[in-house]
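**Q** Sharing a sequence plus its predicted fold:
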Amino acid sequence: MHRSVLELRHLHTLLALVETGSLSRAAARTHLTQSAVSHQIKLLENHYGVTLFARKTQPLHLTPAGQRLHALAETAIEQVRDAERDIFRIARGEGGKLRIAVECHTCFDWLMPSMDNFRAYWPEIELDLVSGFHADPVALLLDDRAELVVVSEKRPRQGVTYHPLFGFEIVALVAHQHAFGVKSILLPGDFAKETLITYPVADEMLDIVRQVLKPAGIEPKRRTAELTAAILQLVASQRGIAALPIWSVQSYLEREYVRAKRIGKKGLWSELYAAVPDALSTQAYLRDFLATVRATSFNVLRGVTPLSASDG
(Lines give C-alpha, C1' and ligand atoms only; values in the text may rest on other atoms or scores of the structure.)
Protein backbone atom coordinates (compact mmCIF):
# COMPACT_ATOMS: atom_id res chain seq x y z
CA MET A 1 0.00 0.00 0.00
CA HIS A 2 1.24 3.49 -0.82
CA ARG A 3 2.17 5.86 1.98
CA SER A 4 -0.94 7.86 2.95
CA VAL A 5 -1.04 11.61 2.31
CA LEU A 6 -3.99 12.01 4.69
CA GLU A 7 -3.36 14.55 7.46
CA LEU A 8 -5.49 15.96 10.26
CA ARG A 9 -5.78 19.28 8.42
CA HIS A 10 -7.44 17.48 5.52
CA LEU A 11 -10.04 16.04 7.88
CA HIS A 12 -10.72 19.48 9.35
CA THR A 13 -11.22 20.84 5.83
CA LEU A 14 -13.54 17.98 4.90
CA LEU A 15 -15.66 18.58 8.00
CA ALA A 16 -15.87 22.30 7.24
CA LEU A 17 -17.03 21.59 3.68
CA VAL A 18 -19.74 19.23 4.86
CA GLU A 19 -20.94 21.49 7.69
CA THR A 20 -21.00 24.72 5.67
CA GLY A 21 -22.09 23.24 2.35
CA SER A 22 -19.97 25.56 0.23
CA LEU A 23 -16.36 26.17 -0.73
CA SER A 24 -16.36 29.84 0.24
CA ARG A 25 -17.81 29.28 3.72
CA ALA A 26 -15.49 26.35 4.35
CA ALA A 27 -12.52 28.52 3.39
CA ALA A 28 -13.62 31.17 5.86
CA ARG A 29 -14.16 28.56 8.59
CA THR A 30 -10.68 27.06 8.14
CA HIS A 31 -8.94 30.41 7.51
CA LEU A 32 -7.74 29.23 4.09
CA THR A 33 -8.22 30.51 0.56
CA GLN A 34 -10.78 28.77 -1.63
CA SER A 35 -7.97 27.56 -3.87
CA ALA A 36 -6.19 26.02 -0.87
CA VAL A 37 -9.36 24.17 0.14
CA SER A 38 -9.83 22.91 -3.43
CA HIS A 39 -6.17 21.84 -3.56
CA GLN A 40 -6.52 19.75 -0.39
CA ILE A 41 -9.59 17.93 -1.71
CA LYS A 42 -8.00 17.41 -5.14
CA LEU A 43 -4.88 16.01 -3.48
CA LEU A 44 -6.94 13.37 -1.67
CA GLU A 45 -8.99 12.54 -4.76
CA ASN A 46 -5.86 12.06 -6.86
CA HIS A 47 -4.18 9.97 -4.18
CA TYR A 48 -7.13 7.59 -3.73
CA GLY A 49 -8.38 7.73 -7.32
CA VAL A 50 -11.93 8.70 -6.30
CA THR A 51 -14.15 11.76 -6.14
CA LEU A 52 -15.21 12.92 -2.69
CA PHE A 53 -18.01 15.30 -3.67
CA ALA A 54 -20.63 15.07 -6.41
CA ARG A 55 -19.82 17.74 -8.97
CA LYS A 56 -22.02 20.79 -9.54
CA THR A 57 -24.27 20.24 -6.54
CA GLN A 58 -25.36 22.95 -4.13
CA PRO A 59 -25.07 22.37 -1.27
CA LEU A 60 -22.19 19.96 -1.67
CA HIS A 61 -23.03 16.24 -1.55
CA LEU A 62 -20.59 13.51 -0.55
CA THR A 63 -19.92 10.47 -2.70
CA PRO A 64 -19.63 7.07 -0.96
CA ALA A 65 -15.85 7.58 -0.71
CA GLY A 66 -16.42 11.04 0.72
CA GLN A 67 -18.89 9.66 3.25
CA ARG A 68 -16.27 7.19 4.49
CA LEU A 69 -13.64 9.90 4.94
CA HIS A 70 -16.22 12.15 6.60
CA ALA A 71 -17.01 9.41 9.13
CA LEU A 72 -13.29 9.09 9.82
CA ALA A 73 -12.98 12.87 10.24
CA GLU A 74 -15.78 13.02 12.81
CA THR A 75 -14.27 10.20 14.84
CA ALA A 76 -10.58 11.10 14.54
CA ILE A 77 -10.90 14.80 15.30
CA GLU A 78 -13.00 14.18 18.40
CA GLN A 79 -10.51 11.54 19.62
CA VAL A 80 -7.62 13.95 19.10
CA ARG A 81 -9.41 16.66 21.07
CA ASP A 82 -10.15 14.18 23.88
CA ALA A 83 -6.50 13.10 24.00
CA GLU A 84 -5.27 16.70 24.07
CA ARG A 85 -7.60 17.53 26.96
CA ASP A 86 -6.30 14.53 28.91
CA ILE A 87 -2.67 15.41 28.19
CA PHE A 88 -3.15 18.97 29.45
CA ARG A 89 -4.72 17.63 32.63
CA ILE A 90 -1.84 15.21 33.18
CA ALA A 91 0.81 17.82 32.46
CA ARG A 92 -0.65 20.68 34.45
CA GLY A 93 -3.30 19.23 36.71
CA GLU A 94 -5.52 22.03 35.47
CA GLY A 95 -8.44 23.21 37.50
CA GLY A 96 -9.78 26.69 37.66
CA LYS A 97 -12.87 28.80 37.23
CA LEU A 98 -14.53 30.39 34.24
CA ARG A 99 -17.02 33.10 35.14
CA ILE A 100 -18.72 34.47 32.04
CA ALA A 101 -20.46 37.81 31.53
CA VAL A 102 -22.43 38.83 28.44
CA GLU A 103 -23.51 42.22 27.15
CA CYS A 104 -26.21 40.97 24.75
CA HIS A 105 -29.68 39.73 25.66
CA THR A 106 -29.71 37.06 22.96
CA CYS A 107 -26.32 35.48 23.71
CA PHE A 108 -27.85 32.78 25.90
CA ASP A 109 -29.31 31.08 22.82
CA TRP A 110 -25.85 29.78 21.91
CA LEU A 111 -23.97 30.22 25.19
CA MET A 112 -25.94 27.71 27.25
CA PRO A 113 -25.51 24.77 24.80
CA SER A 114 -21.81 25.64 24.52
CA MET A 115 -21.43 25.63 28.30
CA ASP A 116 -23.19 22.27 28.53
CA ASN A 117 -20.87 20.76 25.92
CA PHE A 118 -17.79 22.22 27.61
CA ARG A 119 -18.83 21.04 31.08
CA ALA A 120 -18.96 17.44 29.87
CA TYR A 121 -15.24 17.56 29.02
CA TRP A 122 -13.98 19.83 31.82
CA PRO A 123 -15.97 18.92 34.95
CA GLU A 124 -13.15 20.20 37.15
CA ILE A 125 -13.57 23.78 35.86
CA GLU A 126 -15.94 25.91 37.94
CA LEU A 127 -18.28 27.31 35.29
CA ASP A 128 -20.65 30.16 36.13
CA LEU A 129 -22.51 33.18 34.72
CA VAL A 130 -22.08 36.68 36.09
CA SER A 131 -25.59 38.03 36.56
CA GLY A 132 -26.86 41.53 35.91
CA PHE A 133 -26.33 44.18 33.25
CA HIS A 134 -22.94 45.92 33.23
CA ALA A 135 -22.29 49.21 31.43
CA ASP A 136 -18.58 48.32 31.17
CA PRO A 137 -18.44 44.51 31.18
CA VAL A 138 -14.74 44.34 30.27
CA ALA A 139 -13.98 46.04 33.58
CA LEU A 140 -15.16 42.84 35.27
CA LEU A 141 -12.03 41.13 33.95
CA LEU A 142 -9.72 43.72 35.46
CA ASP A 143 -11.58 43.63 38.79
CA ASP A 144 -11.28 39.81 38.96
CA ARG A 145 -15.06 39.39 38.80
CA ALA A 146 -15.05 37.44 35.51
CA GLU A 147 -12.65 35.44 33.35
CA LEU A 148 -14.47 35.91 30.03
CA VAL A 149 -16.81 38.58 28.67
CA VAL A 150 -18.77 38.31 25.42
CA VAL A 151 -18.76 41.66 23.61
CA SER A 152 -19.64 42.97 20.15
CA GLU A 153 -16.75 45.43 19.84
CA LYS A 154 -13.01 45.27 20.44
CA ARG A 155 -12.08 48.27 22.53
CA PRO A 156 -8.34 48.19 23.28
CA ARG A 157 -7.72 47.65 26.97
CA GLN A 158 -4.38 46.98 28.61
CA GLY A 159 -4.21 43.43 29.91
CA VAL A 160 -7.15 42.20 27.79
CA THR A 161 -7.11 39.99 24.66
CA TYR A 162 -10.03 39.66 22.25
CA HIS A 163 -10.73 36.30 20.61
CA PRO A 164 -13.10 36.18 17.59
CA LEU A 165 -16.20 34.01 18.00
CA PHE A 166 -18.45 34.55 14.95
CA GLY A 167 -20.22 37.10 12.80
CA PHE A 168 -23.96 37.23 12.23
CA GLU A 169 -26.65 39.10 10.34
CA ILE A 170 -29.23 41.32 12.02
CA VAL A 171 -32.60 41.39 10.27
CA ALA A 172 -35.68 43.57 10.56
CA LEU A 173 -38.79 41.81 11.90
CA VAL A 174 -42.25 42.91 10.74
CA ALA A 175 -45.79 41.57 11.09
CA HIS A 176 -47.23 39.53 8.24
CA GLN A 177 -49.87 42.21 7.67
CA HIS A 178 -47.33 45.07 7.61
CA ALA A 179 -46.95 47.09 4.43
CA PHE A 180 -43.24 46.23 4.46
CA GLY A 181 -44.17 42.59 3.86
CA VAL A 182 -43.79 43.14 0.10
CA LYS A 183 -40.32 44.68 0.44
CA SER A 184 -37.22 42.55 -0.02
CA ILE A 185 -35.00 44.94 1.96
CA LEU A 186 -35.52 47.85 4.33
CA LEU A 187 -33.54 51.06 4.00
CA PRO A 188 -32.85 53.58 6.78
CA GLY A 189 -35.70 55.83 5.65
CA ASP A 190 -38.19 53.00 6.09
CA PHE A 191 -37.72 53.19 9.86
CA ALA A 192 -38.52 56.91 10.11
CA LYS A 193 -42.27 56.61 10.68
CA GLU A 194 -42.17 53.29 12.53
CA THR A 195 -41.92 52.45 16.22
CA LEU A 196 -38.63 50.66 16.84
CA ILE A 197 -38.88 47.99 19.54
CA THR A 198 -35.58 47.17 21.25
CA TYR A 199 -34.12 45.81 24.45
CA PRO A 200 -33.76 48.46 27.20
CA VAL A 201 -30.06 49.12 26.59
CA ALA A 202 -27.98 52.13 25.58
CA ASP A 203 -28.06 53.12 21.91
CA GLU A 204 -24.34 52.38 21.47
CA MET A 205 -25.19 48.72 22.10
CA LEU A 206 -27.85 48.62 19.37
CA ASP A 207 -26.36 48.01 15.93
CA ILE A 208 -29.51 49.17 14.14
CA VAL A 209 -29.19 52.56 15.84
CA ARG A 210 -25.41 52.87 15.84
CA GLN A 211 -24.74 51.60 12.31
CA VAL A 212 -27.91 52.48 10.39
CA LEU A 213 -30.25 55.03 11.90
CA LYS A 214 -27.91 57.46 13.65
CA PRO A 215 -25.61 57.94 10.59
CA ALA A 216 -28.75 58.66 8.50
CA GLY A 217 -30.09 61.15 11.07
CA ILE A 218 -33.23 59.09 11.66
CA GLU A 219 -34.87 58.96 15.10
CA PRO A 220 -37.97 56.76 15.08
CA LYS A 221 -40.38 56.37 17.96
CA ARG A 222 -39.07 53.88 20.50
CA ARG A 223 -40.42 51.15 22.73
CA THR A 224 -38.56 48.59 24.81
CA ALA A 225 -39.13 45.06 26.08
CA GLU A 226 -36.90 42.85 28.20
CA LEU A 227 -37.43 39.53 26.41
CA THR A 228 -37.06 38.43 22.78
CA ALA A 229 -40.48 36.74 22.91
CA ALA A 230 -42.08 39.96 24.16
CA ILE A 231 -40.47 41.98 21.36
CA LEU A 232 -41.75 39.56 18.74
CA GLN A 233 -45.23 39.53 20.26
CA LEU A 234 -45.35 43.31 19.89
CA VAL A 235 -44.11 43.03 16.32
CA ALA A 236 -46.70 40.37 15.45
CA SER A 237 -49.47 42.55 16.86
CA GLN A 238 -48.29 45.49 14.70
CA ARG A 239 -47.08 47.65 17.58
CA GLY A 240 -43.80 48.32 15.78
CA ILE A 241 -40.82 46.67 14.09
CA ALA A 242 -37.59 45.27 15.51
CA ALA A 243 -34.04 44.40 14.45
CA LEU A 244 -32.54 41.23 15.96
CA PRO A 245 -29.89 38.60 15.11
CA ILE A 246 -31.42 36.11 12.71
CA TRP A 247 -30.21 33.19 14.83
CA SER A 248 -32.12 34.51 17.86
CA VAL A 249 -35.45 34.45 15.99
CA GLN A 250 -35.01 31.44 13.72
CA SER A 251 -37.64 29.33 15.52
CA TYR A 252 -40.19 32.15 15.16
CA LEU A 253 -39.41 32.52 11.48
CA GLU A 254 -39.79 28.78 10.91
CA ARG A 255 -43.26 28.99 12.50
CA GLU A 256 -44.01 32.06 10.32
CA TYR A 257 -44.81 34.09 13.43
CA VAL A 258 -43.21 37.21 11.88
CA ARG A 259 -41.34 38.07 8.70
CA ALA A 260 -37.63 38.88 8.37
CA LYS A 261 -36.28 41.56 6.03
CA ARG A 262 -32.66 42.31 5.14
CA ILE A 263 -31.50 45.74 6.32
CA GLY A 264 -29.73 47.52 3.46
CA LYS A 265 -28.55 45.96 0.22
CA LYS A 266 -25.65 44.14 1.86
CA GLY A 267 -27.39 43.43 5.15
CA LEU A 268 -26.60 44.62 8.66
CA TRP A 269 -23.81 42.53 10.18
CA SER A 270 -22.34 42.38 13.64
CA GLU A 271 -19.65 40.35 15.41
CA LEU A 272 -19.03 38.73 18.75
CA TYR A 273 -15.74 38.42 20.61
CA ALA A 274 -14.58 36.86 23.84
CA ALA A 275 -12.57 39.27 25.94
CA VAL A 276 -10.25 37.54 28.42
CA PRO A 277 -7.34 38.60 30.64
CA ASP A 278 -3.99 38.22 28.89
CA ALA A 279 -2.80 35.82 31.57
CA LEU A 280 -5.59 33.34 30.77
CA SER A 281 -5.36 33.40 26.97
CA THR A 282 -2.94 30.46 26.86
CA GLN A 283 -4.84 28.24 29.30
CA ALA A 284 -5.84 24.96 27.66
CA TYR A 285 -9.36 24.93 29.09
CA LEU A 286 -10.01 28.49 27.91
CA ARG A 287 -8.83 27.71 24.37
CA ASP A 288 -11.02 24.63 24.37
CA PHE A 289 -14.02 26.66 25.57
CA LEU A 290 -13.57 29.09 22.68
CA ALA A 291 -13.31 26.20 20.22
CA THR A 292 -16.44 24.64 21.73
CA VAL A 293 -18.35 27.92 21.39
CA ARG A 294 -17.43 28.25 17.73
CA ALA A 295 -18.19 24.62 16.88
CA THR A 296 -21.51 24.59 18.76
CA SER A 297 -22.62 27.91 17.29
CA PHE A 298 -21.87 26.92 13.69
CA ASN A 299 -23.79 23.68 14.20
CA VAL A 300 -26.93 25.08 15.84
CA LEU A 301 -27.29 28.71 14.75
CA ARG A 302 -28.60 30.01 11.46
CA GLY A 303 -26.69 32.62 9.48
CA VAL A 304 -23.44 32.81 11.48
CA THR A 305 -20.11 33.32 9.72
CA PRO A 306 -16.51 32.67 10.82
CA LEU A 307 -14.24 35.54 11.84
CA SER A 308 -10.62 35.32 10.82
CA ALA A 309 -7.87 35.18 13.42
CA SER A 310 -6.84 38.70 12.37
CA ASP A 311 -10.22 39.90 13.66
CA GLY A 312 -9.15 39.01 17.17
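**A** Here it is on my side, so go on.
**Q** mind checking the SS state of the closest residue to residue 223 other than its chain neighbours?
**A** Nearest non-adjacent residue to residue 223, counting by C-beta to C-beta, 6 or more residues apart in numbering: residue 197, 4.9 Å away. C-betas here are computed from N, CA, C, even on glycine. Residue 197 falls in the strand class when you classify it by DSSP: H, G, I helix; E, B strand; the rest coil.
**Q** from memory residue 197 sits against residue 231, does it?
**A** Yes. Using C-beta atoms under 8 Å, residue 197 is in contact with residue 231, at 5.2 Å.
**Q** hmm, back to that, distance check, the residue nearest to residue 223 against residue 306.
**A** Distance of residue 197 to residue 306, computed by C-beta to C-beta, to the nearest Å: 30 Å.
**Q** now residue 11
**A** Distance from residue 11 to residue 306, by C-beta to C-beta: 18 Å.
**Q** Between the two ends of stretch 177-191, how far is it?
**A** Length of stretch 177-191, first residue to last, C-alpha to C-alpha, to the nearest Å: 17 Å.
**Q** Pull out the buried residues from it.
**A** By 16 or more other C-beta atoms under 10 Å, the buried positions in stretch 177-191 come out as 178, 180, 186, 188, 190, 191.
**Q** Look at the closest residue to the fourth one other than its chain neighbours and give its secondary structure.
**A** For residue 188, the nearest residue in space outside its immediate sequence neighbours is residue 216; the separation is 3.8 Å by C-beta to C-beta, 6+ apart. Reduced to three states with three-state DSSP, the structure at residue 216 is coil.
**Q** in terms of contact, does residue 216 touch residue 209 like I think?
**A** No. Residue 216 is not in contact with residue 209 according to C-beta under 8 Å; the separation is 10.5 Å.
**Q** neighbour-wise, which of these two wins?
**A** Taking other C-beta atoms under 10 Å, residue 216 and residue 209 do not tie; residue 209 has more neighbours (22 against 13).
**Q** right, and the more buried one touches residue 203 too?
**A** Yes. If you go by C-beta under 8 Å, residue 209 and residue 203 touch, sitting 4.6 Å apart.
**Q** residue ranges for the strands of this structure, please.
**A** Using DSSP state E, the strands of the chain run over 96-102, 125-129, 148-151, 160-174, 185-186, 195-198, 221-224, 241-245, 259-263, 268-277, 304-305.
**Q** the domain parsing of this structure - what is it?
**A** Split into domains by automatic domain parsing, the chain comes to 8-89, 94-167+271-311, 169-269.
**Q** for the record, mean pLDDT for the shortest one?
**A** The average pLDDT for domain 8-89 rounds to 86.
**Q** how distant is it from the center of its chain?
**A** Per C-alpha atoms, centre = their mean, to the nearest Å, the displacement of domain 8-89 from the mean C-alpha position of its chain is 20 Å.
**Q** Check the longest one too.
**A** In terms of C-alpha atoms, centre = their mean, the centre of domain 94-167+271-311 is set 11 Å apart from its chain centre.
**Q** what's the average pLDDT for that domain?
**A** 86.
**Q** if we can go back for a sec, please identify which of residue 197 and residue 231 sits among more neighbours.
**A** Counted by other C-beta under 10 Å, residue 197 and residue 231 do not tie: residue 231 has more neighbours, with 27 against 23.
**Q** ok, that one touching residue 243?
**A** No. Using C-beta under 8 Å, residue 231 is not in contact with residue 243, being 9.8 Å away.
**Q** Pull up the overlap in contacts between these two.
**A** Counting by C-beta atoms under 8 Å, 6 or more residues apart in numbering, the residues touching both residue 231 and residue 243 are 173, 198.
**Q** Apart from its chain neighbours, what residue comes closest to the residue nearest in space to the middle of the chain?
**A** The centroid of the chain falls nearest to residue 166 when counting by C-alpha atoms, centre = their mean (3.7 Å). Distance criterion C-beta to C-beta, 6+ apart; nearest residue to residue 166, sequence neighbours excluded, is residue 304 at 4.5 Å.
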